[in-house]
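**Student:** Below is the structure, and that's it, no one-letter string:
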């Protein structure tokens, strides 16, 4: 009798134990299912966020503007992408409201008239600067500024003038000249005086800097020989085609302007008088960064 009771109690204990184990195991499986579902949902949300963020980043990169100049009606020049960090915000501040950045004609005179010359003889559409930058800088600042401001909106021919109807270096201005690249109004030739005059005027350090930038030439004296500059016409007044201006990267014009801004007392007018013709006729030697920027400018 006692053994029967013992056997039945043992069977009951085993049965309860198995039931407990089954219940515990089933609860564990159910808890695991909840945890698995929760983790799966969280991972799905995370992956969705990653995909959305990645697509947004790609769209923003594709929509990033190329280096270009834009103009806001009635407001100063705004530079969208800093092609050259040395170009500062005071570019527009140094040019009066008489300067317009909007091109309305296929041929335009770009006149540096800081000393108030009579320009009534200029019968083609014109943009006129009335700020007197002084002889060391003269027209160089304004002409570079105008090119930068209108780089993507140029006339077919830009006629760069000082404003006088006649001078010692030019007596006849044909405003309708249509050169293939560039026409220099000057009638005088340098004829062996180029390096001497540049030395006497204190231009050599700045000419060396400019010709190193443009052509990777170590000295201006070497450039004179390379480009046979003794046969060039003097001075700066000229007619230049749109295509010729665009053959020079925008960043180069901005760099030249930054040179003037950094050393405004240097003889930049003379330096650029000895540079314009080569700038618009010779092949520039550009570094890798400038080439990449120019490619973006060309595409825009």
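**Tutor:** Alright, I've got the coordinates. Keep in mind it's a predicted model, so treat the numbers as computed, not measured. Residues are numbered from 1 along each chain as shown.
**Student:** C-alpha only now, for contacts and for neighbours.
**Tutor:** Noted.
**Student:** Now do the helices in the stretch 151-300 of the chain.
**Tutor:** If DSSP state H, counting those that start in this stretch is used as the criterion, the helices of the stretch 151-300 of the chain fall at 194-200, 204-215, 220-226, 242-246, 250-262, 268-273, 276-281, 288-299.
**Student:** how about CSV for those, with mean pLDDT added?
**Tutor:** Putting the helices of the stretch 151-300 of the chain into CSV (pLDDT from 0 to 100) gives the following:
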stretch, mean pLDDT
helix 194-200, 91
helix 204-215, 95
helix 220-226, 94
helix 242-246, 96
helix 250-262, 94
helix 268-273, 94
helix 276-281, 94
helix 288-299, 66
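**Student:** Tell me the predicted confidence for the closest residue to residue 194 other than its chain neighbours.
**Tutor:** Of all residues not flanking residue 194 in the chain, residue 230 sits nearest, at 6.6 Å (C-alpha to C-alpha, 6 or more residues apart in numbering). With respect to pLDDT, residue 230 scores 88.
**Student:** Look at residue 230 and say how many residues are nearby.
**Tutor:** Neighbour count for residue 230, taken as other C-alpha atoms under 10 Å: 16.
**Student:** Can you give me every residue that contacts it?
**Tutor:** By C-alpha atoms under 8 Å, 6 or more residues apart in numbering, the residues touching residue 230 are 189-194, 224.
**Student:** what's the neighbour count on residue 231?
**Tutor:** 14.
**Student:** again with residue 190
**Tutor:** 17.
**Student:** Would you confirm that it contacts residue 231?
**Tutor:** Yes - in this structure residue 190 lies within contact range of residue 231 using C-alpha atoms under 8 Å: 6.3 Å.
**Student:** one step back: and which of the contacts of residue 230 is nearest to residue 175?
**Tutor:** residue 189 (21.3 Å; C-alpha to C-alpha).
**Student:** Please verify my assumption that that closest one contacts residue 233.
**Tutor:** Yes - when contacts are counted by C-alpha under 8 Å, residue 189 is listed as touching residue 233 (4.5 Å).
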